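Student: What would the 3D arrangement of this be:
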Amino acid sequence: MNQFIKVGMCHPEARIGQPAFAGAPASWSAAAQRGEAAALAGGRSSVKAQRPSHIAPLKKRWQATALQDASAHFCAFIVLILWVLLHPFTAVACRYSIRDTGFVDLATESYQVELAHPPAFAATAKLYTQAAAGLFLEANVSFVTKDSASSFLRLADGTGRSLDLAAGQPLPGDAAGIARLLESAVASPRREDIHREALRAYAVVVLVEGTDAADNERVRGAIATATAAIARQMPSMPKPVEVPPQLITIPVTEQGAEAVLLWGLGFEPRLSPEARVALVYGRGRRLGEPLEGALITRTVLQERLAIIGQDCECDLDRAWLKGPVLPGRWDRELQQLAAKTLGFDSENPMVRTEVSRIVLRGEGDKAKSKKPSTALALGYVEEAIDASGEDETNAGPASTPAAAPTKLPAPTVPPPPPLATAAARPFWFALFGLLAAAFCAGLMLLKRSRRQ
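Tutor: All right, here's what the predicted structure looks like:
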């Protein structure tokens, strides 16, 4: 009652003998008048008056509204705090896999078709220049000419390797022959197959058959076992792909026409008794070094294929991601299919900048390097194998001498730290969200029980 008396006394329109609020009950006005009179007279006793019965429900209603507003503001504050705390984690999380980075043109891998010619060949050289301007428009190959005592046309990369496109034959001088020769530098049936399969599949295993049929069958078995194991691991990878790795075989009869492909994969474009294998992903990027002969085993293939499905921010030696891209044409149609398949435009400048930062940031700490063959830690599987064992199958006949040790660049593949992949992050985000929702719901129930 004292609160209502004070309000009545402080109101600018309050007068003794008049109600403090228009429409107030008569008992309330009388109590206010008695309180004012007692205060002005310096009365020592406080005015005690009972509150009218209809005031209590109004106060409870006001208190309930205030509690609801306070609870809503508090819950909004908790959600804001959680978003601020979790936002750095969502910003750091890499949304690209190693496979995704293979579709981004880093503008660091390019090839040159060099035409060397004497002065008498200048008129024909102009025909080559005009044809190359159209044929190399959407390819990672450029065309240059230079003066020389003899004529030749070769394809060169940035490391000093080169391939004679004319294969020792005289250079053609007619328009059709020139276009056919230059086209061989950027397109071939098997390169088109690789681009098509790399768009829809996890990766492409390119098998270059040798003249030894038994070795070819051994390598085929190792590839089939490795790809089957990867297919079982794919659903648990950070960014799953529906189609498992696909095999593309280049038989002996086609290797002459696919000389540029073999050279681009890192092989010598000649026949070999042993089978050779290269792993390709993205827009034709090779993973690691190519494999030959006894180095091709199920374990090695499975470990390397497992790398392609990992998070691009994982603790991986970046040398694995710097393999060369095949010389070829990546036209607008392929680019549109890639954007539709990946869910992002790999030609976007922001995407290029981000992926370039990831791929080109260095080869990691070599002081912590470990032996290769640790990528199987990325996914544990148990498989039934033959009693003879894989090593005996891959080693070949007992009479075959062991291959001499070869020093190969072997970037390490340390297992990623716990919960470092993108697959674990949504779990923690959902957990924090559920905790926040449960806290707010509990707070609302507590306020309601107190109100009742």
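
Student: Spatially nearest residue to Gly264 (excluding sequence neighbours)?
Tutor: The spatial neighbour of Gly264 that comes closest, neighbours along the chain excluded (CB to CB, 6 or more residues apart in numbering), is Leu326 at 4.3 Å. For every residue, glycine as well, the C-beta is placed using N, CA and C.

Student: Domain-wise, how is this protein divided?
Tutor: 1-52, 58-93+422-452, 111-183, 189-381+409-417 (automatic domain parsing).

Student: The ones you listed: lowest mean pLDDT?
Tutor: Averaged per stretch, pLDDT over the domains of the chain is lowest on domain 1-52, reaching a mean of 48.

Student: so Leu262 makes contact with Gln255?
Tutor: Yes: the criterion here is CB atoms under 8 Å, and Leu262 meets it with Gln255 at 6.3 Å.

Student: What is the burial count for the residue nearest to Gly264?
Tutor: Look at Leu326: counted by other CB atoms under 10 Å, it has 28 neighbours.

Student: picking up where we left off before, compare Leu262 and Gln255 (neighbour count), which wins?
Tutor: Ranked by neighbour count (other CB under 10 Å), Leu262 and Gln255 place Leu262 first, with 23 against 19.

Student: hey, C-alpha coordinates of the helix or strand the more buried one falls within in CSV?
Tutor: Per DSSP states H and E: Leu262 is located in helix 259-264. What follows is helix 259-264, C-alpha atoms only, in CSV (Å, rounded to 0.1, in the frame of the first residue of the first chain):
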residue,chain,number,x,y,z
ALA,A,259,52.4,-40.8,-76.2
VAL,A,260,51.5,-37.3,-74.8
LEU,A,261,49.4,-38.8,-72.1
LEU,A,262,52.2,-41.2,-71.0
TRP,A,263,54.7,-38.4,-71.0
GLY,A,264,52.3,-36.2,-69.0
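
Student: any idea which helix or strand comes after that helix?
Tutor: Per DSSP H and E, helix 259-264 leads on to strand 276-281 as the next helix or strand towards the C-terminus.

Student: Give the other helices and strands that the helix or strand just after that next one contacts.
Tutor: Counting by DSSP H and E, the element after strand 276-281 in chain order, helix or strand, is strand 285-286. Under the contact definition 3 or more CB pairs under 8 Å, 6 or more residues apart in numbering; DSSP states H and E, strand 285-286 sits against strand 276-281.

Student: what sits in contact with each of Leu262 and Gln255?
Tutor: Shared contacts of Leu262 and Gln255 (CB atoms under 8 Å, 6 or more residues apart in numbering): Val208, Pro269.

Student: sec struct for Ala231, please.
Tutor: When classified by DSSP: H, G, I helix; E, B strand; the rest coil, Ala231 comes out as helix.

Student: Kindly report the same for Val241.
Tutor: Secondary structure for Val241, judged by three-state DSSP, is coil.

Student: What is the neighbour count of it?
Tutor: Counted by other CB under 10 Å, the residues lying close to Val241 total 19.

Student: before we move on, back to that, could you say what helices and strands the helix holding Leu262 packs with?
Tutor: For helix 259-264, the packing partners by 3+ CB pairs under 8 Å, 6+ apart are strand 162-164, helix 189-200.

Student: Buried ones in the last one, by neighbour count?
Tutor: When you say that, I think you mean helix 189-200. In terms of neighbour count (16 or more other CB atoms under 10 Å), helix 189-200 has its buried residues at Arg190, Arg191, Ile194, His195, Glu197, Ala198, Leu199.

Student: Looking at these, which is nearest Ser162?
Tutor: Among the buried residues of helix 189-200, Arg191 lies closest to Ser162 (CB to CB), at 18.7 Å.

Student: Name all residues that make contact with the closest one.
Tutor: Glu258, Val260, Leu261, Gly284, Leu326, Gly328.

Student: do Arg276 as well
Tutor: Leu207, Val208, Gly210, Phe267, Pro290, Leu291, Glu292, Gly293, Ile296.

Student: Can you tell me the closest non-neighbouring residue to it?
Tutor: Distances taken as CB to CB, 6+ apart put Val208 closest to Arg276, at 4.1 Å, once the chain neighbours are dropped.

Student: repeat for Gln335
Tutor: Closest residue to Gln335 apart from its sequence neighbours, by CB to CB, 6+ apart: Glu347 at 6.2 Å.

Student: so the one you found touches Gln336, yeah?
Tutor: No: at 10.1 Å, Glu347 and Gln336 do not qualify as touching, with contact defined as CB under 8 Å.

Student: who's more crowded, those two?
Tutor: Applying other CB under 10 Å to Glu347 and Gln336 shows that Glu347 carries more neighbours, namely 15 against 11.

Student: quick one: what helix or strand has that one in it?
Tutor: Judged by DSSP H and E, Glu347 forms part of no helix or strand.

Student: sorry, back to before: please enumerate residues in contact with the helix holding Leu262?
Tutor: Here helix 259-264 makes contact (CB under 8 Å, 6+ apart) with 155, 161, 163, 165, 167, 184-185, 188, 190-191, 194, 208, 250, 255, 268-269, 284, 324, 326-328.

Student: circling back to that earlier point, any idea which of the helices and strands packed on helix 259-264 gets closest to Arg232?
Tutor: helix 189-200 (19.1 Å).

Student: what's the angle from that closest one to strand 276-281?
Tutor: 40 degrees (axes from the mean of the first three to the mean of the last three CA atoms, to 10 degrees).

Student: Tell me the buried residues in stretch 154-174?
Tutor: Neighbour counts over stretch 154-174 (16+ other CB under 10 Å) mark Leu155, Asp157, Leu163, Leu165, Leu171, Pro172 as buried.

Student: tell me which of these is nearest to Leu435?
Tutor: Checking these against Leu435 with CB to CB, the nearest one is Asp157 at 54.5 Å.

Student: if you skip the residues just before and after it, what's nearest to that closest one?
Tutor: Per CB to CB, 6+ apart, closest to Asp157 is Tyr111, 5.4 Å.

Student: In this structure that neighbour contacts Val325, no?
Tutor: No: using CB under 8 Å, Tyr111 is not in contact with Val325; the gap is 9.1 Å.

Student: Let me know the helix or strand that the closest residue to Ala175 other than its chain neighbours is in.
Tutor: Excluding its sequence neighbours, the residue lying closest to Ala175 (CB to CB, 6+ apart) is Leu127, at 6.4 Å. When elements are assigned from DSSP H and E, Leu127 belongs to helix 122-135.

Student: which secondary structure elements does that helix contact?
Tutor: strand 111-117, strand 141-147, helix 175-183.

Student: Tell me what angle it forms with strand 141-147.
Tutor: Using the same axes, to 10 degrees: helix 122-135 against strand 141-147 is 170 degrees.

Student: most neighbours, which of the contacts of Arg191?
Tutor: Using other CB under 10 Å as the neighbour criterion, Leu326 leads the contacts of Arg191 with 28 neighbours.
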